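# the following block contains a protein sequence and its predicted model.
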Amino acid sequence: MTSQIFRAGARVLMPLLLLFAVFLLLRGHNQPGGGFVAGLVSAAAFALYAMAFGTERARRALQVEPLTLLGAGLLIALGSGLPAVLRGGPFMTAVWADGLGTPLVFDVGVCLVVTGVVLMMIFSLAEEP
Amino acid sequence: MTLLLLILSPFALALPAAWLVRRAPRAAGLLALWPALLVVALAAELRGVLASGPRLIERAWAPSLGLTLSINLDALGLIFALLITGIGTLVVLYASRYLDGHPQAGPFFAMLFAFMGAMLGVALSDNLLTLFVFWELTGFTSFLLIGFDHEQAGSRAAAIQALIVTGAGGLALLAAGVLAALAAGTTSLSALAASGHVLAAHPAGAWIAALVLLAAFTKSAQTPFHFWLPNAMAAPTPVSAYLHSATMVKAGVYLIARTSPALAGTAIWMPAVTSVGALTMIVGTYRAVQETDLKRILAYSTVGALGILTMLLGVGTEAAVVAALVYLLAHAGYKGALFLVAGAVDHETGTRDVTMLGGLRRAMPRTAIAGGLAALSMAGVPLTLGFVGKDAAYEALLHGGTPWFTALLALLVAASVLMGLAGLLAGVGPFAGQHIAIPHPSGGADHAADAGNGPVYAAAPDGPAHAGHAGAPHEPAWAMWAPPLLLASLGLAAGLAPALLNGAVSSAATAVLGRPAPVELAIWHGVTPALGLSLITLAGVYGAWFARGAIGRSAWHPGLGFERIYTGALAALDATSRVIAPPLHSASLRSYVMAIVLTSIVVGGVALTMSSGIQAVAPEVHVLTYEALIVVIIISGALAATLAKSTMAAVLSLGAVGYGVALTFLEFGAPDLAMTQFSVETLTVVIYVLVFRHFRALGALSPRLVRLRDASIAIGIGTLIATLVLAVATFDTSDTLREYFVEHAAPLGHGLNVVNVILVDFRGFDTLGEITVLSTAAIGVRALLLLASAGRRENAHARKEAKP
């Protein structure tokens, strides 16, 4: 996996893939996309980077531990259910304002969890001696 | 509402308490202020209840489950709550010194407060199911506290034993709650009590009674379940005083009292409760006087006292219930005090062996006074509350009228003599007589190992708090002598003016009996047969004190061996799993997958052939050329995967299959699914490659026969799935769910992508569960890989060591 072409390609593709993931996440509510597939695509971006430059650099590019990503995602998803409780409704009832709503927040949580899960597995496996 | 919050406040205090004790260990004693405040609030409430009757506070908890957080404030519950908070105050104060400097003191106080909250919940819950929740919480916190010295195997075993025994009873309580809800239509204890004999007359009444009693007997350490309580002495002494003497073990007695208005009418109630109680009373007091470890003496005598309480509640006459309540109050006072005294003695001398203790009255005068006063109350010497309670019990059984009650009375007198002796052994023995120089034991462990017989868990030393104790024993800090002295003095005060208790005891007895019960407690009832029996008892105790050596050595140990049944049952379970587990749990992924697939083939195949309504008719389709091409890709990919000679080729072929499937999704109008499938396929190939680089070449894996078998299994499941898919196509799928989602996605979910709206909104709760499962799985993968690499490192290390 040390081909120059692959590395150069990975360098260009990775930000594009991440951008695509954000695109999928945001449009997911109205068109094909959503948090789950966005998470898979962003994980694929980092997996690609790891294959080209090694997991160490991929981890550095990720900035945070996959485990942190996973925990943050779960907390965000859980937290998106709370505004409804504060307004006296049942947990996880959607709350909307100006086209933005708690389901989108929930989707962000899903995206982070999926990214974290996949990267945790791929990084751990790749770092196996 | 404020009161409800106050009752639940110990839970909220648990974590801050741990934090405070960690930050400022010297300030731990201040924590006692909170339960003291609760005492004041609950006492004020009791005054109100005595004046204007009980009241009920209700709040919805989980309405969909029919769970309400309903608090029944009546005298019976409040008396218990006052015991819990009152003795809790003293125990917290005591523990602040007892565990001074212990590294785990923070968690200890957290557990203690959590227990306090749970116990208040048990005492005040009006809903049987809510009571069950709190009941289990007391068992769980008790488990943690018994296992406080978790580095000692004995502590762990004792904790697990208590959890299993009382936990089994807890499950019985849940079953009883469910049955009661079905039979009477309510789980409210006050409603059940008011309904009179509805439950007792119901066909399931006997079952409900039996299950409730099973819960009560395990919790209150009744024979044959009593063995867990002496073993629970592995807990630090403040815990023994609090949980395993004054409060938690009385929860079973409380449950009997609380449910007797509804269940005492069942045929099994009276015989079962009185005979189990009487047996426990004899076993407990008899074993108590044979022990030489202070805490085990007290533990067995607690078993005996719980037996007496149970027996009196089983007798169930007005006088017996009143006697039980007074006895309960007296016992909580003197036994709590004696445990705290025992802890102080252990703390100062490093031993709890009564044969090695003596003459400490000069070194520890205040502790000695506390121990002496408590022992007098336990022996039932006049002018103590213990006397009032015992006198009332004699009185109640004297007027029972039947030969059975007379027999119980005779047993009670004998048990009271032994009980008195046990009190003197624990409360007076260490302080009386000649001072015995203790050859500096390192802790309480060595003597405890031989303190009992049978499979005994060595009572471990309570922790390093007093491990480094050196020099002659002296009076401990005030926080350790004042609480037992106060408890013991309260017993004396109440004994001098028992009429103070009339109102509360009468009101509580009313709750147990379901009819008004006037109470007139007094020091002097005139010359009555009960007084005569009391004098006989005292004479017996006096005589037994001088014969204590001989009694202690008495050779006949009632080797009832209930604990052996327990250990035997556990061993049998272990043995069974050792036989069953290896074939089921072969650690070979291939055989797991094979088992799952074979089961699916058999179950699915049988279901398909049995149902006649399925017609696997291929719907009319016009296959386009490129669609056929996709099918060709999928089929050739699958064939290539099975025939591949290298793992990499197999993985890539499987990837081609996946992409082909994704293309069909795209073709037939499921772009979301297709996108996800593409991503998943890509990442799966990456993961496969990462995993398979560790594997051997494919060809070397299995012999021809195995491959044939695998091929036939694969063909089987393939056929099944294909048939299923065709069958599903012929099903009538005009259900309303799909239409609902399509119709409401935009107006309710503010989204046009119905699939996504379902995932994040309509079914968001499911998704939350799913991502939690995903996270757990990922953490599991990481942990397994870490374990594996740690194992490899160890092996490599070992090899290096072996090769010098």
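Sure thing, it's come through.
# can we go C-alpha only for contacts and neighbour counts from here?
Noted.
# please pull out the lowest mean pLDDT helix or strand from chain A.
Every helix and strand of chain A was ranked by mean pLDDT, DSSP states H and E. The lowest is strand A:96-97, at a mean of 80.
# show me where pLDDT drops low in chain A?
For chain A, the stretches with pLDDT under 70 are A:1-2.
# helix/strand/coil for the residue in it positioned nearest to chain B?
In chain A, the residue found nearest to chain B is A:Asn30; the distance is 4.2 Å by CA to the nearest CA. Under DSSP: H, G, I helix; E, B strand; the rest coil, A:Asn30 falls in the coil class.
# equivalent analysis for B:His102, please.
When classified by three-state DSSP, B:His102 comes out as coil.
# measure it to B:Val21 for me?
From B:His102 across to B:Val21, the span is 10 Å (CA to CA, to the nearest Å).
# export stretch B:76-95 as PDB, just CAs?
Output in PDB follows, covering the C-alpha atoms of stretch B:76-95 (Å, rounded to 0.1, in the frame of the first residue of the first chain):
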ATOM      1  CA  LEU B  76     -45.800   1.200  61.400                       C
ATOM      2  CA  GLY B  77     -43.800   2.500  58.500                       C
ATOM      3  CA  LEU B  78     -42.700   5.600  60.300                       C
ATOM      4  CA  ILE B  79     -41.500   3.700  63.300                       C
ATOM      5  CA  PHE B  80     -39.300   1.700  60.900                       C
ATOM      6  CA  ALA B  81     -38.200   4.800  59.200                       C
ATOM      7  CA  LEU B  82     -37.200   6.400  62.500                       C
ATOM      8  CA  LEU B  83     -35.200   3.300  63.400                       C
ATOM      9  CA  ILE B  84     -33.500   3.500  60.000                       C
ATOM     10  CA  THR B  85     -32.600   7.200  60.200                       C
ATOM     11  CA  GLY B  86     -32.000   7.300  63.900                       C
ATOM     12  CA  ILE B  87     -29.600   4.300  64.100                       C
ATOM     13  CA  GLY B  88     -28.300   5.500  60.700                       C
ATOM     14  CA  THR B  89     -27.300   8.800  62.300                       C
ATOM     15  CA  LEU B  90     -25.300   7.000  65.000                       C
ATOM     16  CA  VAL B  91     -23.800   4.500  62.600                       C
ATOM     17  CA  VAL B  92     -22.600   7.200  60.200                       C
ATOM     18  CA  LEU B  93     -21.000   9.000  63.100                       C
ATOM     19  CA  TYR B  94     -19.400   5.800  64.400                       C
ATOM     20  CA  ALA B  95     -18.200   4.800  61.000                       C
END
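# pLDDT averaged over it - what is it?
What stretch B:76-95 shows for mean pLDDT is 95.
# list the contacts of it.
Applying CA atoms under 8 Å, 6 or more residues apart in numbering or on different chains, the external contacts of stretch B:76-95 come out as B:28-36, B:38-39, B:42-43, B:46, B:109, B:116, B:119-120, B:123-124, B:238-239, B:241-242, B:246-247, B:332, B:336, B:340, B:479-480, B:483, B:504-505, B:507-509, B:511-512.
# any quick ChimeraX command for the buried ones out of these?
Buried residues within the contacts of stretch B:76-95, by 16 or more other CA atoms under 10 Å in any protein chain shown, are selected in ChimeraX with:
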select /B:28,29,31,32,34,35,36,38,39,42,43,46,109,116,119,120,123,124,238,239,241,242,246,247,332,336,340,479,480,483,504,505,507,508,509,511,512
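# quick revisit: could you point out the helix or strand that follows the least confident helix or strand of chain A?
strand A:100-101 (DSSP states H and E).
# can that next one be found next to chain B?
No. Strand A:100-101 is not in contact with chain B by CA under 8 Å from any CA of the partner chain; minimum separation 8.7 Å.
# can you list the strands that that strand pairs with?
Strand pairing for strand A:100-101, using DSSP bridges, gives strand A:96-97 (antiparallel).
# what does the partner strand contact?
With CA under 8 Å, 6+ apart, strand A:96-97 has contacts from A:Thr102.
# same thing with stretch B:493-503?
B:50, B:382-388, B:519-523.
# which SS state does B:Glu291 fall under?
Taking three-state DSSP, the label given to B:Glu291 is coil.
# can you read off the pLDDT for the nearest residue to it once chain neighbours are set aside?
What sits nearest to B:Glu291 in space, not counting adjacent residues and going by CA to CA, 6 or more residues apart in numbering or on different chains, is B:Ile297, at 5.4 Å. Note for B:Ile297: predicted pLDDT of 94.
# again with B:Val456
So, for B:Val456, pLDDT stands at 31.
# which bits of the stretch 601-750 of chain B sit near chain A?
So the stretch 601-750 of chain B meets chain A at B:671-672, B:675-676, B:679-680, B:682-683, B:686-687, B:690-691, B:749-750 (CA under 8 Å from any CA).
# of those, keep whichever come out buried.
Buried residues within those, counting neighbours by 16+ other CA under 10 Å: B:671-672, B:675-676, B:679-680, B:682-683, B:686-687, B:690, B:749-750.
# what's the farthest-apart pair in those?
For these, the farthest-apart pair by CA to CA is B:Leu690 and B:His750; their separation is 41.4 Å.
# and B:His102 and B:Val21? Which one has more around it.
B:Val21 (27 against 18; other CA atoms under 10 Å in any protein chain shown).
# just checking, the more buried one touches B:Leu30?
No. Judged on CA atoms under 8 Å, B:Val21 makes no contact with B:Leu30 at a distance of 9.8 Å.
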